[in-house]
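Visitor: coords below, sequence missing:
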């Protein structure tokens, strides 16, 4: 039993689902990856956004390289929540809480043995970021017109991300 709609998630969990979905699509369309950076910058400030993008990139890359099976996800605007998306959110939550045993168990559902450590490490980096207070408490927010920093380039994303995640 898990939420089947993003509306059943808390604000942080919805943000994670949205970031993941946009990052996957960002491989083919940079507007999506820039949107991830802006969302992170608005919630946690520009300084943390770069760390968040790097952690999210490592998380997705690990899934792509070590997935046990096709990883199911929805389009960014879809209100549905796939079981794999929920497991990913739960993994980051377990990492944030310091429950590495639960995080490793969730990682094992998604990736093979060789990817468990990398997935937990990436989840921990992302989990540390989302522990921070929101941008409303002093961080400099990003605006719709802001572009992602120059360092956000194709090197951050696996070159076959979309095909790998879709199982092509």
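Guide: Received, thanks. Not measured: the values here are computed from a predicted model.

Visitor: list the contacts for the residue nearest in space to the middle of the chain?
Guide: If you average the C-alpha coordinates of the chain and look for the closest C-alpha using CA atoms, centre = their mean, you land on residue 20, 3.9 Å from that point. Taking CB atoms under 8 Å, 6 or more residues apart in numbering as the criterion, residue 20 is in contact with 56, 59, 60, 73, 85, 88. Glycine gets a C-beta too; all of them are placed from N, C-alpha and C.

Visitor: quick check, nearest of those residues to residue 5?
Guide: residue 85 (11.1 Å; CB to CB).

Visitor: quick check: which element contains the closest one?
Guide: Using DSSP states H and E, the element containing residue 85 is helix 83-97.

Visitor: pull out the buried positions in the next helix or strand after that helix.
Guide: Beyond helix 83-97 in the direction of the C-terminus, DSSP H and E gives the next helix or strand as helix 100-110. Of the residues in helix 100-110, those buried under the neighbour-count criterion (16 or more other CB atoms under 10 Å) are 103, 104, 106, 107, 110.

Visitor: what does stretch 56-68 give?
Guide: By 16+ other CB under 10 Å, the buried positions in stretch 56-68 come out as 56, 57, 58, 59, 60, 61, 62, 63, 64, 65, 66, 67.

Visitor: picking that back up, what sits up against the helix holding residue 85?
Guide: 2-3, 9, 13, 16-17, 20-21, 59, 63, 71-74, 100, 102-103, 106-107, 109-110, 119-120, 123-124, 126-128, 130-131.

Visitor: give me the angle between it and helix 100-110.
Guide: Going by axes from the mean of the first three to the mean of the last three CA atoms, to 10 degrees, helix 83-97 is angled at 160 degrees with respect to helix 100-110.

Visitor: still on that earlier bit, mind listing which of the contacts of helix 83-97 are in strands?
Guide: When strands are assigned by DSSP state E, not one member of those lies inside them.

Visitor: next step: those residues restricted to helices.
Guide: With helices defined by DSSP state H, the entries of the contacts of helix 83-97 inside them are 13, 16-17, 20-21, 59, 63, 100, 102-103, 106-107, 109-110, 119-120, 123-124, 126-128, 130.
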